[in-house]
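Student: Please work out how this folds:
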Amino acid sequence: MASTLINPTLWHRPLAANELRQCLRIAFGSTLGFLLCKLFGWNYGVFFTVTPMLLLGMIPVMNGHAARQLIAAAVMCGLEVGLLGGLFGAHPALMTPVAFLLFVYRFAAMSRGSLFLFGANGVLSLSIMLHFASYPDTDLNDLIFSNLWASVLSVLIAYLMTALLPDVEPRPSPASPPKAPHRMRHEALLGAGVATLSFLIFQMFDLRDSMSAQATTLLVLFPMHWNGALGYARRRAMGTLLGVSFGILCQLVLYDWSGQLILVAPLLWLGAMLFSHAHVKEGSGSGVGFGALTTLGILFGQYLTPGNDLVFSALYRVSSILFAIVATLLACYLLHHLLNRFEATRFGH
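Tutor: Coordinates of the predicted model:
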């Protein structure tokens, strides 16, 4: 597989006008979400920083279909976590089969294509929220409301950025070829199986402080097949290293001024601009730039606060994410070959 990292034509070409506008939308949108979260003292800052990145990075031009998908995903997660997390959250053995069923229909939506954003955002939010809901000291209402409000706010921010920084020329409509039913079943079961295994492991080993690693185990699944997961894992690892390196550099520059928003916000904007530049040039939803963007959003949204040591957090993120990538790839490989043994769930012809 040819890597975009070594393609000089890709990195040396100038940005098109639409691509520059998208970079600016991602950078300003994620920074605005971060600033509002910190100014108003909302909890779960990672939701407010990363969700605008995901929305503006995956959807080049904001539209009503994307807005409905994102909000519907947040509402469904809130209902499911509120009802099921409250009942079975402290019992992983009971919660695991329920989680599998909830993941299956989300990955099935992703496999169909038209509801990819609904499934992708739902998978990420559900896994993280179910995990945190299992801890008795978690305020479940605050967790659910924060995720819902972050989704609504991200939609508003995306519309604002699109209005202020619109495209200068029409974009071609992406064409997605239809998939055979056995391939869609393969993708749904592969994604749900690995996502459930990830949820179970994070529950069993009490990995409360590894949100970035948990998110990585799910993001690796977004290409929806083994070859895509392998290619994404390589790019995600490189993106993680870039995002963490930038985070450590920011901590060294800020030193003990990490609580000063007037200093933090420009650094977040600069990092988001640099990595969104890489993201739009790759033209892939699962490239180095996107991996670096999400890593940066998690570091700033969750760890860059007064009293936190971002350097230690960043180094811990690297080790946990790299281990998560290897473990997820192993699970993908085994489940891929198991599903391919049956005609009804075979990926190829």
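Student: mind showing which ranges of the stretch 1-150 of the chain have poor pLDDT?
Tutor: The stretch 1-150 of the chain contains residues with pLDDT under 70 at 1-13, 86, 89-90.
Student: and with 50 instead?
Tutor: For the stretch 1-150 of the chain, applying pLDDT under 50 flags the ranges 1-9.
Student: Would you state the helices of it in chain order?
Tutor: Using DSSP state H, counting those that start in this stretch, the helices of the stretch 1-150 of the chain run over 8-12, 17-40, 45-58, 64-80, 86-88, 92-112, 116-133, 140-164.
Student: since we're on the closest residue to I144 other than its chain neighbours, how many residues are nearby?
Tutor: Among residues not flanking I144 along the chain, G78 sits closest, at 4.3 Å (C-beta to C-beta, 6 or more residues apart in numbering). (Each C-beta comes from the backbone N, C-alpha and C, glycine too.) Residues near G78, counting by other C-beta atoms under 10 Å, number 22.
Student: Next: P172.
Tutor: Counted with other C-beta under 10 Å, P172 comes out at 5.
Student: Now do it against L15, distance only.
Tutor: Distance of P172 to L15, computed by C-beta to C-beta, to the nearest Å: 17 Å.
Student: what does L339 give?
Tutor: L339 is 40 Å from L15, by C-beta to C-beta.
Student: Over to M53?
Tutor: Distance from M53 to L15, by C-beta to C-beta: 18 Å.
Student: of these two, who's got more company?
Tutor: M53 (27 against 13).
Student: any idea how far that one is from L207?
Tutor: 23 Å.
Student: and if you look at H337?
Tutor: Distance of H337 to L207, given as C-beta to C-beta: 27 Å.
Student: More neighbours: the two, which one.
Tutor: Using other C-beta under 10 Å as the criterion, H337 and L207 rank with L207 on top: 15 against 11.
Student: Do you know the pLDDT at that one?
Tutor: Note on L207: pLDDT of 72.
Student: Count the neighbours of the closest residue to T162 other than its chain neighbours for me.
Tutor: Leaving out its chain neighbours, the residue that sits closest to T162 by C-beta to C-beta, 6+ apart is M62, at 4.4 Å. Each residue near M62 was counted by other C-beta under 10 Å, and the total is 22.
Student: One more: L32?
Tutor: L32 - counted by other C-beta under 10 Å - has 21 other residues nearby.
Student: Please apply the same query to the one 10 residues further on.
Tutor: As a burial measure, W42 scores 17 neighbours (other C-beta under 10 Å).
Student: R171 too?
Tutor: 10.
Student: what does S319 give?
Tutor: 11.
Student: what do you get for L79?
Tutor: Around L79 there are 11 residues (other C-beta under 10 Å).
Student: Which residues are in contact with it?
Tutor: If you count contacts by C-beta atoms under 8 Å, 6 or more residues apart in numbering, L79 has none.
Student: tell me the average confidence for whichever helix or strand T328 is part of?
Tutor: Under the criterion of DSSP states H and E, T328 resides in helix 310-339. What helix 310-339 shows for mean pLDDT is 82.
Student: The residue nearest to T162 and L55, how far apart?
Tutor: M62 is 8 Å from L55, by C-beta to C-beta.
Student: Can you work out which residues contact both of the two?
Tutor: 155, 158.
Student: Mean neighbour count, the helices of the stretch 1-150 of the chain: which tops it?
Tutor: Comparing those by mean neighbour count (mean count of other C-beta atoms under 10 Å), helix 45-58 ranks first with a mean of 27.
Student: check contacts around the nearest residue to G82 once chain neighbours are set aside.
Tutor: In this structure, G82 finds its nearest non-sequential neighbour in I144, 5.7 Å apart by C-beta to C-beta, 6+ apart. I144 sits next to 77-78, 81-82, 129 when contact means C-beta under 8 Å, 6+ apart.
Student: from memory V244 sits against S319, does it?
Tutor: No: between V244 and S319 there is no contact under C-beta atoms under 8 Å: 10.0 Å.
Student: okay, and the common contacts of those two?
Tutor: With C-beta under 8 Å, 6+ apart as the test, V244 and S319 reach no residue in common.
Student: was I right about V280 contacting V288?
Tutor: No: here V280 lies out of contact with V288, judged by C-beta under 8 Å, at a distance of 11.9 Å.
Student: These two - which one has more neighbours?
Tutor: V288 (26 against 22).
Student: From A324, how far off is that one?
Tutor: 17 Å.
Student: Where does V264 sit, in terms of helix or strand?
Tutor: helix 261-282.
Student: send the alpha carbons of that helix over as PDB?
Tutor: Listed next in PDB are the C-alpha coordinates belonging to helix 261-282 (Å, rounded to 0.1, in the frame of the first residue of the first chain):
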ATOM      1  CA  LEU A 261      -6.800  30.900  27.800                       C
ATOM      2  CA  ILE A 262      -5.400  33.900  26.000                       C
ATOM      3  CA  LEU A 263      -2.200  31.900  25.500                       C
ATOM      4  CA  VAL A 264      -3.600  28.400  25.100                       C
ATOM      5  CA  ALA A 265      -6.200  29.200  22.400                       C
ATOM      6  CA  PRO A 266      -3.800  30.500  19.800                       C
ATOM      7  CA  LEU A 267      -1.600  27.400  20.200                       C
ATOM      8  CA  LEU A 268      -4.700  25.100  19.800                       C
ATOM      9  CA  TRP A 269      -5.700  27.100  16.700                       C
ATOM     10  CA  LEU A 270      -2.200  26.800  15.200                       C
ATOM     11  CA  GLY A 271      -2.000  23.100  15.800                       C
ATOM     12  CA  ALA A 272      -5.500  22.500  14.400                       C
ATOM     13  CA  MET A 273      -4.600  24.600  11.300                       C
ATOM     14  CA  LEU A 274      -1.400  22.600  10.700                       C
ATOM     15  CA  PHE A 275      -3.000  19.200  11.100                       C
ATOM     16  CA  SER A 276      -6.200  20.200   9.100                       C
ATOM     17  CA  HIS A 277      -3.800  21.300   6.300                       C
ATOM     18  CA  ALA A 278      -2.400  17.700   6.300                       C
ATOM     19  CA  HIS A 279      -5.900  16.300   6.600                       C
ATOM     20  CA  VAL A 280      -7.400  18.000   3.600                       C
ATOM     21  CA  LYS A 281      -4.300  17.400   1.400                       C
ATOM     22  CA  GLU A 282      -4.600  13.600   2.100                       C
END
